[in-house]
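Participant: Just a sequence and a predicted model for now, questions to come.
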Amino acid sequence: STGSVVTTPQQYDVEYLTPVTIGTPGQNLEIDIDTGSSDFWVFSSETPKSQVDGQTCYNPNKSSTAKKLEGATWEIEYGDGSSSSGDVYLDKVKMGGVNFSSQAVEVASKVSAEFTADTNNDGLMGLAFGSINQVRPQKQTTFFENLQSSLDKPLFTADLKSGAPGHFNFGYIDKNAYTGSITYTPVNSTQGFWMWTSPGYTIGASGKFKSSPIEGIADTGTTLLLLPSSVVKAYYKNVSGASYQSSNGGYVFPCDATLPSFYVSVGDDARIKIPGKYMSYAPVDSQGQNCFGGLQTDDGIGFSIFGDVFLKAAFVVFDAGKERLGLAAK
Ligand SMILES: O=C([C@@H]1CCCNC1)N1CCCCC1
């Protein structure tokens, strides 16, 4: 089997939402596909009304195919401090024409304020590795892991775009979705993530390559590109008026500043170009005078995060069959 589903950026490309259908009859939710975690959880009929602000809620009691996973519970805390928790049902899940009949659907009986405030987001679908799934007493496998053996190829691809809809595809590589060739690089999944190491980077079209291994995860659920502080400092040296502002929680610069492109090396002789435009995330003030950088530090995380600022500059192959990541220009 193969599948393809559209994914739509929210304002400033802060996140991408993807339609997912759960249960019988189908209940349609807009979900944040997150390759940086491994739980599929949704707003539900069990989420307190005070914590719901417009989200679509999955109601297992209205699904003839829902089965409660007795005794199973879950709780998750994300790197930004947001969190959710609840219990678990097995039900049919369809996305982009592929479906799995007994997917673990983690229904939220509690969500933190960040999720309540994210009014168009009805839940997250983690597509990292099941080893870090948070359901207890028995961990659950991800939607992709459940599909894997029935897919034409054991892989999925992400084609996120800047300010336009893109696609997640399952089981095949769309040759029309990228230019040139795909460069593959090994994935180390021992920590449960799509973790890989870039050999280095280049700042600006005429910059010199800096050989500096950067180990990080490919995370569609993180908005920004989070790299070591030495790299980030070197980049913003090239941006007039840029400074680290603790009050804003990162590097800020005048919105009319000229931003150099940033090249992330892949494998022995390839690199992904992030256009300067992608290196500005959003205004920090209502006048739109100063802007928050799309590149920020990975301080405190333990590794870097290749989030949407990077991923939307590439065509990305998440190849579980060969434990590797593929990257191409587009
Ligand atoms: O919570 C996260 C991210 C948050 C944004 C969405 N993706 C998962 N983690 C990834 C990095 C290490 C810590 C856990």
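Facilitator: Perfect, I can see it now.
Participant: and the stretch 101-250 of the chain, which residues reach the ligand?
Facilitator: With C-beta under 6 Å from any ligand atom as the criterion, the stretch 101-250 of the chain meets the ligand at residues Asp219, Gly221, Thr222. For glycine as for every other residue, the C-beta is placed from the backbone atoms N, C-alpha and C.
Participant: The stretch 201-330 of the chain: helices as residue ranges?
Facilitator: Taking DSSP state H, counting those that start in this stretch to define them, one finds helices in the stretch 201-330 of the chain at 229-236, 308-311.
Participant: winner for burial among these?
Facilitator: helix 308-311 (a mean of 26; mean count of other C-beta atoms under 10 Å).
Participant: which helices and strands does that one pack with?
Facilitator: Helix 308-311 sits against strand 270-274, with contacts defined as 3 or more C-beta pairs under 8 Å, 6 or more residues apart in numbering; DSSP states H and E.
Participant: returning to what we had before: of the residues of the stretch 101-250 of the chain next to the ligand, closest to the ligand?
Facilitator: Nearest to the ligand out of those is Gly221 (C-beta to the nearest ligand atom; 2.9 Å).
Participant: Now do the contacts for the closest residue to the closest one other than its chain neighbours.
Facilitator: Leaving aside its sequence neighbours, Gly221 sits nearest to Asp34 (C-beta to C-beta, 6 or more residues apart in numbering; 3.0 Å). For Asp34, the contact set (C-beta atoms under 8 Å, 6 or more residues apart in numbering) comprises Leu124, Met125, Gly126, Leu127, Ala128, Asp219, Thr220, Gly221.
Participant: Go through those residues and say which is closest to the ligand.
Facilitator: Nearest to the ligand out of the contacts of Asp34 is Gly221 (C-beta to the nearest ligand atom; 2.9 Å).
Participant: ChimeraX command for the buried members of the residues of the stretch 101-250 of the chain next to the ligand?
Facilitator: If you want just the buried ones from these in ChimeraX, going by 16 or more other C-beta atoms under 10 Å, the selection is:
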select :219,221,222
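Participant: so can I have JSON lines of the residues of the stretch 101-250 of the chain next to the ligand showing pLDDT?
Facilitator: Conversion of those to JSON lines gives the following (pLDDT from 0 to 100):
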{"residue": "Asp219", "pLDDT": "99"}
{"residue": "Gly221", "pLDDT": "98"}
{"residue": "Thr222", "pLDDT": "98"}
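Participant: Pipe the residues of the stretch 101-250 of the chain next to the ligand into TSV and attach distance to Thr119 per row.
Facilitator: TSV is the format used below for those (distance: C-beta to C-beta, whole Å):
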residue	distance to Thr119
Asp219	23
Gly221	17
Thr222	20
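Participant: out of the residues of the stretch 101-250 of the chain next to the ligand, who's nearest Gln55?
Facilitator: Gly221 (16.8 Å; C-beta to C-beta).
Participant: Pretty sure that closest one sits against Thr35.
Facilitator: Yes - contact criterion C-beta atoms under 8 Å: Gly221 and Thr35 qualify, at 6.8 Å.
Participant: Mutual contacts of these two, please.
Facilitator: Common contacts of Gly221 and Thr35 (C-beta under 8 Å, 6+ apart): Gly126.
Participant: what bridges to the residue nearest to Gly221?
Facilitator: Asp34 forms beta bridges with Gly126, as assigned by DSSP bridges.
Participant: swap in Phe315?
Facilitator: Ala328.
Participant: Return the distance of Phe318 relative to Ser230.
Facilitator: According to C-beta to C-beta, to the nearest Å, Phe318 stands 28 Å off from Ser230.
Participant: Which residue, other than its chain neighbours, is closest to Leu160?
Facilitator: Per C-beta to C-beta, 6+ apart, closest to Leu160 is Lys312, 4.2 Å.
Participant: picking that back up, need the helices of the stretch 201-330 of the chain in CSV with mean pLDDT, can you?
Facilitator: Converted to CSV, the helices of the stretch 201-330 of the chain look like this (pLDDT from 0 to 100):
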stretch, mean pLDDT
helix 229-236, 99
helix 308-311, 99
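Participant: Please dump those helices into CSV; it should also carry distance to Ser83 for every row.
Facilitator: Shown next, in CSV, are the helices of the stretch 201-330 of the chain (distance: least, C-beta to C-beta, whole Å):
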stretch, distance to Ser83
helix 229-236, 27
helix 308-311, 21
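Participant: For Pro165, find the nearest of these.
Facilitator: helix 308-311 (13.7 Å).
Participant: Show me what counts as buried in the helix or strand harbouring Thr197.
Facilitator: Using DSSP states H and E, Thr197 sits in strand 195-203. Burial within strand 195-203, assessed by neighbour count using 16+ other C-beta under 10 Å, is assigned to Met195, Trp196, Ser198, Pro199, Tyr201, Thr202, Ile203.
Participant: likewise stretch 57-76?
Facilitator: Cys57, Tyr58, Pro60, Ser63, Ala66, Leu69, Ala72, Trp74, Glu75, Ile76.
Participant: What of stretch 270-285?
Facilitator: Buried residues in stretch 270-285, counted by 16+ other C-beta under 10 Å: Ala270, Arg271, Ile272, Ile274, Gly276, Tyr278, Met279, Ser280, Tyr281, Val284.
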